[in-house]
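Undergrad: The following comprises the amino acid sequence and a computationally predicted model.
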Amino acid sequence: MVVQITKAILISSMFLLSGSISSSQAALDGRYYYQTCPQAENTVVQTIRNASIYDPKVPARILRMFFHDCFIRGCDASILLDSKPDKKAEKDGPPNVSVRAFYVTDEAKAKLEKACPQTVSCADIIAMAARDAVTMTGGPYWTVLKGRKDGRSFAKRRLGIKDLVALSGGHSLGFSHCSSFEARLHNFSTIHDADPRMNSRAKEKKCPKPNKARTAGHFLDSTASRFDNAYYKGLMAGRGVFGTDQALYDDPTTGWMVESFAKDQNLFSREFAASMIKLGNVRVSDSGEVRLNCRKVN
Ligand code: HEM
């Protein structure tokens, strides 16, 4: 009982801490386009919604895009730049080759350039789109702080352990190719063919050895097109697809947070939204620009 209460206090103080860190970054503002482009939010949500009707994979791809943009170099839309003959872009680097759905951000950008030229940054479009992807699949809604510039600055990440556990809940949506986790399935160690921490039967079926189907893989949780806390319940049952996810439950410093999120969907929703705001606040340089085309610097 005492342990439960201590944990509850700890998790809510982490929540407060994350709130105070994000609000201290005054450069971003929920009403940033209120005067200059009032239709920004609506245009983005409509674009994501329409694209998701044609391709239900879009929400997962957009959510992952935001994480990769912010985590790798700060939220500056560098993930959207195309490679040039002399410079390989971030999107073509090894961690990002499976980040897709750039045509969706292109479409939102094209509409916004028509409605309010040179105003809405590509970095803000990704941040709004990621929130919309979560909300439209049943997850929380939060106010996206805006005013990011598109650029190439390197930012410090100010994310803590709670953010790691809450943001990993992004794996509530989507799919993984076998290549991303097959090291856990075959020749895992000298004594185990498969990772003994993994509930692996379904995954072995999808990813046999040898595996000829390059598109084969497994969903990241049992409700992969719904944003909910089933991902954490899965970790408690050993169903995590990635070793890094499963370790969140197996490690006692984070295992209790996994348990709390598995038990309480609302707690997870609140903490996820707070950590997404923090991720989106990873500082970007004021000297950036508003790109006209998200794939090229001006
Ligand atoms: C903590 C470190 C993380 C690691 C190591 C990681 C790793 C991965 C890997 C390997 C995949 C599968 C890629 C593939 O085979 O196609 C994946 C998919 C995905 N990740 Fe993560 N991820 C991390 C954090 C996050 C975060 C913070 C979010 C969002 C908040 C996120 C959202 C997603 C989504 C939505 C997918 C599915 C994409 C799709 O279905 O197309 N990930 N991740």
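TA: Received, thanks. Numbering: from 1, shown residues only.
Undergrad: make it CA atoms for all contacts and neighbour counts henceforth
TA: Noted.
Undergrad: Any part of stretch 181-200 near the ligand?
TA: No: Stretch 181-200 is not in contact with the ligand by Cα under 6 Å from any ligand atom; minimum separation 7.2 Å.
Undergrad: Buried residues in that stretch, which are they?
TA: Neighbour-count burial for stretch 181-200, with 16 or more other Cα atoms under 10 Å as criterion, is recorded at Phe181, Glu182, Ala183, Arg184, Leu185, His186, Ala194, Asp195, Met198, Asn199, Ser200.
Undergrad: what does stretch 255-275 give?
TA: Neighbour-count burial for stretch 255-275, counted by 16+ other Cα under 10 Å, picks out 255-258, 260-262, 265, 267-275.
Undergrad: quick one, what contacts Met128?
TA: Glu41, Val44, Val45, Val144 (Cα atoms under 8 Å, 6 or more residues apart in numbering).
Undergrad: hey, where'd the helices end up in the stretch 151-298 of the chain?
TA: 161-168, 201-206, 230-236, 243-250, 252-263, 265-280 (DSSP state H, counting those that start in this stretch).
Undergrad: Could you point out which of these sits nearest Met65?
TA: Between Met65 and these, the shortest separation by Cα to Cα is 11.9 Å, and it involves helix 265-280.
Undergrad: which one of the contacts of Met128 is nearest the ligand?
TA: Proximity of these to the ligand (Cα to the nearest ligand atom) peaks at Val144, which lies at 14.4 Å.
Undergrad: what's the burial count for the closest one?
TA: Val144 has 24 neighbouring residues, counting by other Cα atoms under 10 Å.
Undergrad: cool, and the one 4 residues further on?
TA: With neighbours defined by other Cα under 10 Å, the count for Arg148 comes to 30.
Undergrad: What separation do you get for it and the ligand?
TA: Distance, Arg148 to the ligand, by Cα to the nearest ligand atom, to the nearest Å: 19 Å.
Undergrad: Assign that residue to helix, strand or coil.
TA: Look at Arg148: counting by DSSP: H, G, I helix; E, B strand; the rest coil, its state is coil.
Undergrad: wait, what's in contact with it?
TA: By Cα under 8 Å, 6+ apart, the contact list for Arg148 reads Leu28, Cys75, Asp76, Ser121, Ala123, Asp124, Val284.
Undergrad: Out of those, flag the one nearest to Ser168.
TA: Once Cα to Cα is applied, the member of the contacts of Arg148 that ends up nearest Ser168 is Cys75, at 17.8 Å.
Undergrad: Is it correct that the closest one falls within a helix?
TA: No: judged by three-state DSSP, Cys75 forms no part of a helix; its state is coil.
Undergrad: in the stretch 101-250 of the chain, which ranges drop under the pLDDT threshold?
TA: Low-confidence segments of the stretch 101-250 of the chain (pLDDT under 70): 152-158.
Undergrad: what does the protein have sitting close to the ligand?
TA: 60-61, 63-64, 67, 98, 167-168, 170-171, 173-177, 180.
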